[in-house]
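Trainee: With the input below, show me the fold.
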Amino acid sequence: MPLRRFGRPGLIGLAARTAVVAGTASAVTGAAARHQQQRAQNEYEQQQYQAAQQQAQIDAAAQQAAAQFAAPAAPPAAAPPSAAAPAGGDDLIAKLQQLASLRDAGVLTEDEFAAAKQKLLG
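Mentor: Next up is the predicted model:
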């Protein structure tokens, strides 16, 4: 008949219990770290998606602005020539300033700027 020990566990029982507690703590910590890493990855991907959407909107606006300046401007047919000269001069300066600001903002390249300016002046 085997002897049973009552009371506190022996050295082997204590070591086994410690191993179980340590293993459980390690598993829980690892799962929490994986969950936190996955959440951070999802947030990063969401931010990248939003940045790409904003960049697409900026690109579309830039293309629209470039197309507006690339389209040939129709001269006003009904306006008298004497009245059109001063207004056209102010309008020309405003358009050149607008082209320069688009170039400075990086919307237009130097070549696009030069072509648009040549259309306005020529």
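Trainee: pLDDT below threshold where in the protein?
Mentor: Applying pLDDT under 70 to the chain picks out residues 1-6, 71-89.
Trainee: again, only using 80
Mentor: Scanning the chain with the threshold set as pLDDT under 80 gives 1-10, 69-90, 122.
Trainee: can you give me the helices in it?
Mentor: All helices of the chain, identified by DSSP state H, fall at 11-70, 81-105, 110-121.
Trainee: Tell me which residue is most central in this structure.
Mentor: The centre of the chain sits closest to A51, judged by Cα atoms, centre = their mean, with a distance of 1.7 Å.
Trainee: need the contact list for A25.
Mentor: Taking Cβ atoms under 8 Å, 6 or more residues apart in numbering, we find A25 in contact with no residue. Any C-beta I mention is one placed from the backbone N, CA and C, and that applies to glycine too.
Trainee: on that earlier part again, which of the helices of the chain is buried the deepest?
Mentor: Highest mean neighbour count among the helices of the chain (mean count of other Cβ atoms under 10 Å): helix 110-121, with a mean of 14.
Trainee: for that one, packing partners?
Mentor: helix 11-70, helix 81-105 (3 or more Cβ pairs under 8 Å, 6 or more residues apart in numbering; DSSP states H and E).
Trainee: Looking at the ones you listed, spot the one closest to K119.
Mentor: helix 11-70 (7.9 Å; Cβ to Cβ).
Trainee: what angle do the closest one and helix 110-121 make?
Mentor: 30 degrees (axes from the mean of the first three to the mean of the last three Cα atoms, to 10 degrees).
Trainee: Appreciated, that's everything.
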